[in-house]
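Student: mind folding the following:
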Amino acid sequence: MGQPEPLAALESGVLPSGRTSSDNSQFPDKAEVERLGRARPAVLTSWLNEVLFVATIVLSMTMSEYFIGGFNIILPPVADDLNIPENTRTWPAGVINLTTAAFLMPFSRLCDIYGARSVFLFGHIWFMIWSLVCGFSTNTIMLIICRALQGIGTSAFTPAGLALLGQTYRPGPRKNLVFAIWGAFACLGFYFGIFMGAVCANFLTWRWYFWIGTIIVFCIAFTGFLTIPRNLHEQDESIRMDWWGLCTVVPGLILVVFAFTDGGHAPRGWQTPDIYVTFIIGILFLIAGVYTQGWVSAQPLLPSDLFRPKYMKRLSLALFCLYGVFGLYLFYSSYYIETVLHTTPILTAAWFTPLAIGGVCLAVCGGFVMHMISNRILMMISSVGFLLSVLLFAIIPNRVDGHPSTGFLYWAYIFPAMLCGTIGVDITYNVTNVFITTSMPRRLQATAGGLINTLLYLGMAFWLGIAEMAVSEANRRKLPEGLSLREQYKIGFWIGVAMAGLSLILVLTIKIDKAAAELTADEKAAQAEREIASN
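Tutor: You can find the predicted model right below:
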């Protein structure tokens, strides 16, 4: 990996301001660090280059969320058209999260080997191809396979995009703002997916939802080819793919999440041989993965350095639960609104508007205050937002009891739940992205990005499978009449409440300072080495 521009200048003896390393300090003083944290990176030669570069990266996240958020809206007409059974409808919705989570870390390593730019462009080309094919699906199996292959594209360009931003921007207000824009466009992508899904379901056909997305992904790939700098990566022939980790961790994750997701719908539940055999094999793969990562692989997919920053392990567990809460919230809230409250797709999209508008406002404002407010306080606010978003849906009254109007239910429960949901996901995503990428050296930027998004997608897929298993088990115990749809969705929301509560407890024990301008992780390491050498 090449050094960041300011550190390379320091190593050469010339500081960005023109001072030499023979001056009073080997490293920039506080004023210089503050200036560098606000300045445009030297690798981006003009303001137009910077705008197009940032737009390309953040729009990639937009389209990732587009194909997650909007699919729940078009799922009812898709299920009717392709005759998807009720007990398998979670698979087309959730399989993209599963494959994305499973392949994020291998593609993060490919970023180190071939450069984040190459992996970013490959991911978009792959994503574009399978998004196009999704629109031509003729049966359930074809749709599930295409959605799974979509996830491989997402697993490529997501850590690559995060690495490109992390390698380009120094810690400071400018980096905070760029990552805030990244988070804002994730919200816009989710809402844009809902809106286009509603439009296609009402006025076109669900197939156009995929074809419109394909066109946009092509534009992003083309713009990225022209605007992403080619000199961000220097070839390091010593870096190798961790084949032991790839062959154990990836199948282990897929098999375990498959067992949890399908176990609730199997004919005999967890007593079905296919389910418990799959689960046991998956666990064995994961045990082998832990062994290879700790004692076999010379260059593991999850290096120990990744968890060296203080509180990193607790933060990772909290993120795994919080993103699971958000996955449950998205899946069950859209179904609750459409099937229990009987709203049209267009009205459902309108009801999700606060999630997008609030997300943009929070993300952009957060970019201006993250260097002034303790990020621990921001994470506490975020965790409370996650908790309230699912709690409000869990306690929403039945329209039959007391006959509350749809308007009352929206303004009293759904509208504040939408605001709390965006408070939860946007603040958490922005704070953790900045914290983790700032804490990691340049060589671990792609790996850190892979870890963040693995927790995101795996948390959503895993906890949705747990909730579906709980719903199916509760439904089976109440045979022959079974649970109503409202009662089934409430189980999912209450599981989310429990997870959000656990996450809040974890967050209270984590201390994350302000995201202020400071030396990069590489510069801090070089400074420490020089101090040791001088002593």
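Student: buried residues in the one helix or strand Leu419 maps to, which are they?
Tutor: Leu419 is part of helix 415-439 when elements are defined by DSSP states H and E. When neighbours are counted by 16 or more other C-beta atoms under 10 Å, the buried residues of helix 415-439 are found to be 417-439. For glycine as for every other residue, the C-beta is placed from the backbone atoms N, C-alpha and C.
Student: try stretch 334-353
Tutor: Buried residues in stretch 334-353, counted by 16+ other C-beta under 10 Å: 334-338, 340-341, 343, 345, 347-349, 351-352.
Student: and the helix holding Leu419, what does it pack onto?
Tutor: helix 140-168, helix 173-203, helix 312-335, helix 353-369, helix 375-394, helix 445-477 (3 or more C-beta pairs under 8 Å, 6 or more residues apart in numbering; DSSP states H and E).
Student: go again with 6 Å.
Tutor: Here helix 415-439 touches helix 173-203, helix 312-335, helix 353-369, helix 375-394, helix 445-477, going by 3 or more C-beta pairs under 6 Å, 6 or more residues apart in numbering; DSSP states H and E.
Student: which residue ranges make up the domains of the protein?
Tutor: Taking the TED database as the reference, the chain has its domains at 43-231, 240-298, 303-519.
Student: could I get those as CSV with distance to Ala533 and mean pLDDT?
Tutor: As requested, these are exported to CSV (distance: least, C-beta to C-beta, whole Å; pLDDT from 0 to 100):
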stretch, distance to Ala533, mean pLDDT
domain 43-231, 24, 85
domain 240-298, 28, 81
domain 303-519, 17, 79
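Student: against Tyr413, how distant is Ile423?
Tutor: 16 Å (C-beta to C-beta, to the nearest Å).
Student: do the same with Val51
Tutor: On the measure of C-beta to C-beta, Val51 and Tyr413 end up 40 Å apart.
Student: who's more crowded, the two?
Tutor: Between Val51 and Tyr413, counted using other C-beta atoms under 10 Å, the more crowded position is Tyr413 (18 against 12).
Student: which ones are touching that one?
Tutor: When contacts are counted by C-beta atoms under 6 Å, 6 or more residues apart in numbering, Tyr413 touches Leu392, Ile396.
Student: mind running it again at 10 Å?
Tutor: By C-beta atoms under 10 Å, 6 or more residues apart in numbering, the contact list for Tyr413 reads Leu391, Leu392, Phe393, Ala394, Ile395, Ile396, Pro397, Pro404.
Student: adding neighbour count and distance to Ile254, write the residues you listed out as CSV.
Tutor: Listed next are the contacts of Tyr413 as CSV, based on neighbours: other C-beta atoms under 10 Å; distance: C-beta to C-beta, whole Å:
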residue, neighbour count, distance to Ile254
Leu391, 19, 32
Leu392, 23, 34
Phe393, 25, 30
Ala394, 19, 30
Ile395, 12, 35
Ile396, 21, 35
Pro397, 13, 40
Pro404, 15, 43
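Student: these: which two are farthest apart?
Tutor: The most widely separated members of those, counting by C-beta to C-beta, are Leu391 and Pro404 (17.6 Å).
Student: surely Ala318 and Tyr311 touch.
Tutor: Yes: at 9.4 Å, Ala318 and Tyr311 qualify as touching, with contact defined as C-beta atoms under 10 Å.
Student: surely Val384 is in contact with Ile505?
Tutor: No: Val384 is not in contact with Ile505 according to C-beta under 10 Å; the separation is 12.0 Å.
Student: which one of those two has more residues nearby?
Tutor: Shown here are Val384 and Ile505; by other C-beta under 10 Å, Val384 has more neighbours (16 against 10).
Student: and the gap between that one and Leu355?
Tutor: Computed as C-beta to C-beta, the Val384 to Leu355 distance reads 17 Å.
Student: tell me who's in contact with Pro354.
Tutor: Pro354 is in contact with Tyr191, Ile414, Phe415, Pro416, Ala417, Met418, Leu419, Cys420, Gly421, Thr422, counting by C-beta under 10 Å, 6+ apart.
Student: now do Ile254 against Thr99, distance only.
Tutor: According to C-beta to C-beta, Ile254 and Thr99 sit 8 Å apart.
Student: which one's more surrounded, these two?
Tutor: Per other C-beta under 10 Å, whichever of Ile254 and Thr99 has more neighbours is Thr99, with 24 against 21.
Student: where do the helices sit along the stretch 1-150 of the chain?
Tutor: 5-12, 30-38, 47-69, 71-82, 90-114, 116-134, 140-168 (DSSP state H, counting those that start in this stretch).
Student: which residues do Ile254 and Thr99 both contact?
Tutor: Overlap of the contact sets of Ile254 and Thr99 (by C-beta under 10 Å, 6+ apart) consists of Ala148, Ala461.
Student: and the residue nearest to Phe279 when sequence neighbours are not counted, what element?
Tutor: In space, and not counting its chain neighbours, Phe279 is closest to Ala259: 3.7 Å by C-beta to C-beta, 6 or more residues apart in numbering. Here Ala259, judged by DSSP H and E, is contained in helix 243-263.
Student: spatially, which two of the buried residues of stretch 334-353 are the most separated?
Tutor: Val340 and Ala349 (17.0 Å).
Student: about what we covered before: wait, which of the buried residues of stretch 334-353 is closest to Trp182?
Tutor: Phe352 (20.3 Å).
Student: look up how far Thr214 lies from the closest residue to that closest one other than its chain neighbours.
Tutor: Closest residue to Phe352 in three dimensions, ignoring its sequence neighbours and counting by C-beta to C-beta, 6+ apart: Ile194, at 5.1 Å. Going from Ile194 to Thr214 by C-beta to C-beta gives 18 Å.
Student: the two: who's more crowded?
Tutor: In this view Ile194 and Thr214 are compared by other C-beta under 10 Å, and Ile194 has more residues nearby, 29 against 19.
Student: correct me, but that one touches Leu347?
Tutor: No: counting by C-beta under 10 Å, Ile194 stays clear of Leu347, with 11.3 Å between them.
Student: so what's in contact with those two at the same time?
Tutor: The contact sets of Ile194 and Leu347 do not overlap (C-beta under 10 Å, 6+ apart).
Student: got the buried residues for stretch 290-306?
Tutor: Of all the residues in stretch 290-306, those buried under the rule 16+ other C-beta under 10 Å are Thr292, Gln293, Ser297, Pro300, Leu301, Leu302, Leu306.
Student: on that earlier part again, mind putting the helices and strands packed on helix 415-439 in TSV, distance to Gly153 included?
Tutor: Output for the helices and strands packed on helix 415-439, formatted as TSV (distance: least, C-beta to C-beta, whole Å):
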stretch	distance to Gly153
helix 173-203	15
helix 312-335	20
helix 353-369	24
helix 375-394	28
helix 445-477	13
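Student: closest to His124 out of these?
Tutor: That would be helix 173-203 among the helices and strands packed on helix 415-439, by C-beta to C-beta, at 14.1 Å.
Student: what angle sits between the closest one and helix 312-335?
Tutor: 20 degrees (axes from the mean of the first three to the mean of the last three C-alpha atoms, to 10 degrees).
Student: tell me the helix or strand right after helix 173-203.
Tutor: Heading C-terminal from helix 173-203 (DSSP H and E), you reach helix 206-227.
Student: how many neighbouring residues does Lys313 have?
Tutor: Neighbours around Lys313, by other C-beta under 10 Å: 11.
Student: my error: substitute Arg308 in the last question.
Tutor: Arg308: 12 neighbours (other C-beta under 10 Å).
Student: pull up the gap between the residue nearest to Phe279 and Asp274, please.
Tutor: For Ala259 relative to Asp274 (C-beta to C-beta), the value is 9 Å.
Student: okay then, goodbye and thanks.
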